[in-house]
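Output the structure for:
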Amino acid sequence: MRRCSHEPVSQNWFTSRPFECLASINQLMPPILKSRVKSNTRGKIAYLLKGGRRQRVDQGGPTEFLYGCLQLQKAGHDVTLIEDKELSLDIGPGFIWRAINHLSFVLSGIPLWTLFRLMSRCNLNRLNAFEIIVVTTTTFGVCLGLLRRLGMLRAKVLFIAMGLVEKSTPKRIVVVYRWLFGNDTTVLALSNADANWLTAKLGKQVSSIPFGVDTSFWYPSSSVASVGTDGYVLSMGNDLNRDYHTLIDCWKENYPQLRIITRLNIPLHSNNVIRIVGDWHQQELSDKEIRRLIQNALFVVLPLKNTIQPSGQSACLQAMACGKAVIITDFPGLWNRELLRTGDTCIIAGPPGGVTELQLAVERLIVDVSLPMTIGTNARRVVESSLGVGDMARAIASELDRLAS
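Here you go, the predicted model:
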């Protein structure tokens with residue numbers, strides 16, 4: 001029987017026939033939402049990012065979270081930065097839509113609330129005025145990828161994926177993404193491991209580009225921290241792949257004070273472990289305050305769980321750019337094993353959850369007081385040469401040139 005356009009779509013039909021369901025969205029849309037403008041602005045590039053980043057940079061913060069946008073502008077590219085609020089994407093759903101959005105994301109990996117807001121005529125016309133749109137969040141990447149797949153978005157999409165497909169991602173969502181991205185969206189990863197993983201899961205070539213930090217903002221302090229009454233070790237980060245439980249379990253009473261910058265709830269059962277609430281989205285700590293905490297630390301420890309994502313990447317490179325030795329877990333998502341060399345530019349201590357291995361790494365840097373400085377100097381050098389925001393911008397520029405050709 002032919003499905004009536006007004007007949008409600010059942011959950012069973014959606015889950016058993018995802019491609020037909022997704023394709024039918026295009027058929028059900030009113031003509032006004034399908035309208036596309038013919039663009040005579042070939043070569044124009046848009047960055048669609050979450051809000052707050054422009055303000056962060058305007059206040060003197062680092063530029064890496066604009067993912068090369070400013071560097072591309074300075075190099076002469078016609079690049080426009082669009083934040084979510086400019087397209088009314090920062091407006092949260094009400095109770096009913098929140099439930100619908102949650103169900104759609106659980107079943108298919110598609111956030112319907114953002115999708116439908118992007119499908120407004122005003123938003124589509126604005127986005128279609130560009131030749132290429134660069135996005136860095138899963139929500140925007142999935143929605144724009146679907147709109148392009150359905151023929152509603154004319155602009156090409158360059159999606160820098162982070163955490164798109166995890167080992168725990170249901171197979172049905174992987175199947176949807178495999179169809180959704182197809183050959184219509186260019187997907188990039190920020191590590192070789194994640195690129196190989198996504199290539200296998202999406203059935204298409206996914207390349208990796210380096211993530212780089214702003215070395216003009218993150219730089220070493222003129223003073224040198226040393227083990228003593230005021231010396232402390234720093235850890236930081238808010239993503240759920242941080243393994244603070246293992247870090248706290250390994251921390252002995254005779255170690256220097258451990259300061260953890262995070263908004264996550266963590267167990268504090270030691271007198272020399274403290275939590276500092278920090279979240280750049282809420283600006284509970286400014287970037288300059290975080291830089292000062294890194295600069296004054298003895299060294300930095302980043303405990304991570306077993307994930308393919310390049311978790312801890314920005315925090316690690318920020319600390320390295322500040323000339324700090326970093327202890328990082330030997331986990332599958334470690335993004336560059338050629339440049340992150342244990343004992344040279346960092347200390348790799350694994351495996352995930354390894355309390356003893358983490359303790360040995362910490363004690364190594366506490367006992368050998370010259371080693372943190374040596375590693376920190378090498379770390380700064382490798383970031384300056386290969387892992388700066390300019391390196392990231394040049395890699396993105398190459399992909400943009402390829403898409404424009």
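
pLDDT score for Ala404?
Per-residue confidence (pLDDT) for Ala404: 88.

Likewise for Glu289?
For Glu289, the pLDDT comes out at 94.

what does the helix or strand that it is a member of contact?
Using DSSP states H and E, Glu289 sits within helix 287-295. With C-beta atoms under 8 Å, 6 or more residues apart in numbering as the test, helix 287-295 has contacts from 56, 59-62, 217-218, 220-221, 223, 225, 234, 236, 259, 261, 276, 278, 280, 285, 300, 318-319, 322, 324. C-betas here are computed from N, CA, C, even on glycine.

Domain boundaries for the chain, per the record?
Residue ranges for each domain of the chain read 38-212+390-404, 232-387, as given by automatic domain parsing.

Show me how far the shortest one is from its chain's centre.
The one in question is domain 232-387. 18 Å (C-alpha atoms, centre = their mean, to the nearest Å).

Also the longest one?
Between the mean C-alpha point of domain 38-212+390-404 and the mean C-alpha point of its chain there is a distance of 11 Å (C-alpha atoms, centre = their mean).

Point out the other helices and strands that the helix or strand that the helix holding Glu289 is followed by packs with.
Where DSSP H and E defines the elements, the next helix or strand beyond helix 287-295 is strand 300-302. Judged by 3 or more C-beta pairs under 8 Å, 6 or more residues apart in numbering; DSSP states H and E, strand 300-302 is in contact with strand 232-236, helix 313-321, strand 326-329, helix 355-367.

switch the cut-off to 7 Å
Secondary-structure packing of strand 300-302 (3 or more C-beta pairs under 7 Å, 6 or more residues apart in numbering; DSSP states H and E): strand 232-236, helix 313-321, strand 326-329.

so who does the nearest residue to Met320 once chain neighbours are set aside touch?
Leaving aside its chain neighbours, Met320 sits nearest to Ala379 (3.6 Å; criterion: C-beta to C-beta, 6 or more residues apart in numbering). Listed by C-beta atoms under 7 Å, 6 or more residues apart in numbering, the contact set of Ala379 reads 320, 323-326, 345-346.

can you tell me the helix or strand for Ala379?
Per DSSP H and E: Ala379 is located in helix 371-386.

can you check Arg394 too?
Assigned by DSSP H and E, Arg394 falls in helix 389-404.

Does anything pack onto that helix? Which helices or strands?
Short answer (3+ C-beta pairs under 7 Å, 6+ apart): helix 389-404 packs on helix 69-74, strand 132-135, strand 156-160, strand 185-189.

mind saving the C-alpha coords of it as CSV?
Only the C-alpha atoms of helix 389-404 are listed here, as CSV (Å, rounded to 0.1, in the frame of the first residue of the first chain):
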residue,chain,number,x,y,z
VAL,A,389,47.2,26.4,14.5
GLY,A,390,49.0,27.4,11.3
ASP,A,391,49.7,23.8,10.5
MET,A,392,46.0,23.0,11.0
ALA,A,393,44.9,25.9,8.8
ARG,A,394,47.3,24.9,6.0
ALA,A,395,45.9,21.3,6.0
ILE,A,396,42.3,22.6,5.9
ALA,A,397,43.3,25.0,3.1
SER,A,398,44.5,22.1,1.0
GLU,A,399,41.2,20.3,1.5
LEU,A,400,39.2,23.4,0.6
ASP,A,401,41.3,23.8,-2.6
ARG,A,402,40.6,20.2,-3.5
LEU,A,403,36.8,20.7,-2.9
ALA,A,404,36.8,23.9,-4.9
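
Do a quick rundown of the helices in the stretch 101-250 of the chain.
Along the stretch 101-250 of the chain, counting by DSSP state H, counting those that start in this stretch, helices occupy 112-118, 121-127, 138-149, 171-181, 192-202, 244-250.

what bits of the protein have low per-residue confidence?
Segments of the chain classed as low confidence (criterion: pLDDT under 70) are 1-42, 224-229, 279-283.

Find the residue at the geometric middle of it.
The chain has Met162 as the residue nearest its centroid, 4.7 Å off, counting by C-alpha atoms, centre = their mean.

so what's that residue up against?
Here Met162 is in contact with 136, 190, 309 (criterion: C-beta under 7 Å, 6+ apart).

ok, now Asp90?
Contacts of Asp90 (C-beta under 7 Å, 6+ apart): 51, 84.

any idea how far Gly141 is from it?
17 Å (C-beta to C-beta, to the nearest Å).

Same question for Leu127.
Noted for Leu127: a distance of 13 Å to Gly141, by C-beta to C-beta.

do Arg54 as well
The spacing between Arg54 and Gly141, counted by C-beta to C-beta, is 20 Å.

out of the two, which sits in the busier spot?
Gly141 (26 against 15; other C-beta atoms under 10 Å).

Go ahead and confirm that one touches Gly163.
No: counting by C-beta atoms under 7 Å, Gly141 stays clear of Gly163, with 10.6 Å between them.

got the contact list for stretch 339-356?
243, 246, 249-250, 304-306, 325-331, 334, 357-358, 361, 364-365, 375, 378-379, 382, 386-387.

ok now do Gly109, which residues does it touch?
Counting by C-beta under 7 Å, 6+ apart, the residues that Gly109 touches are 142, 173, 176-177.

coming back round to it: can you redo the contacts of Met162 as CSV with neighbour count and distance to Leu115?
Output for the contacts of Met162, formatted as CSV (neighbours: other C-beta atoms under 10 Å; distance: C-beta to C-beta, whole Å):
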residue, neighbour count, distance to Leu115
Thr136, 21, 17
Leu190, 25, 25
Gln309, 27, 24
